[in-house]
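Engineer: Build the 3D model from these lines:
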Amino acid sequence: MNGDETLTLFVMDSERDFTGKRAIGSFYELAAISYPVKSNAMINAMVDKRRIKTDWYFIIQDDERIDEMLYAALPTFMTMCMGKDYISFYKKMNDKTNHLFPRMFKKYVRLPECGFLPIGFDPEKNETCLNGWIRENDKS
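Structural biologist: Residues are numbered from 1 along each chain as shown. Predicted coordinates:
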């Protein structure tokens, strides 16, 4: 993979007693580096200090993973969506519900104290990925 096809991965603590191992593993070599974080404030500090060296960063909770279809689609979205600031993905929950939120952001995008909707969200700067899912892990 070249530098345009890797991202910085932030693994958010879900407070559900998961290690994040499956979350990180689901990105294989797409993640140039991964950081465990407990809050958006930790991510914003890295944004403000310009410590994110990839064009994109992705937030996944430690109790989640991406499926193979999404893994295959991410490099295309990273290169084809350079005019966008964030990309939204669907999350399939174990209770059979689905949620749509931005999860991948340009390295300069700041987040609110809580949630994934960027500060100053502009729908024109958002792309939605329909290729694959973020999935919730179970305890097995």
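Engineer: would you list every one of the helices in the chain?
Structural biologist: 21-25, 40-48, 68-80 (DSSP state H).
Engineer: Columns mean pLDDT and distance to L111 on top of those helices, output as JSON lines?
Structural biologist: (Each C-beta comes from the backbone N, C-alpha and C, glycine too.) Supplementary listing: these in JSON lines, determined by pLDDT from 0 to 100; distance: least, Cβ to Cβ, whole Å:
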{"stretch": "helix 21-25", "mean pLDDT": "90", "distance to L111": "18"}
{"stretch": "helix 40-48", "mean pLDDT": "97", "distance to L111": "4"}
{"stretch": "helix 68-80", "mean pLDDT": "95", "distance to L111": "19"}
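Engineer: Any idea which of the ones you listed gets closest to N131?
Structural biologist: Relative to N131, the nearest member of these by Cβ to Cβ is helix 68-80, separated by 3.6 Å.
Engineer: about what we covered before: for N98, find the nearest of the helices of the chain.
Structural biologist: For the helices of the chain, the distance to N98 is smallest for helix 68-80, at 13.5 Å, taking Cβ to Cβ.
Engineer: Any idea how far that closest one is from the middle of the chain?
Structural biologist: 12 Å (Cα atoms, centre = their mean, to the nearest Å).
Engineer: and what of stretch 37-50?
Structural biologist: 14 Å.
Engineer: So which bits of it are buried?
Structural biologist: V37, N40, I43, N44, M46, V47 (16 or more other Cβ atoms under 10 Å).
Engineer: Ok, stretch 52-63 next?
Structural biologist: In stretch 52-63, counting by 16+ other Cβ under 10 Å, buried: I52, T54, D55, W56, Y57, F58, I59, I60, Q61, D62, D63.
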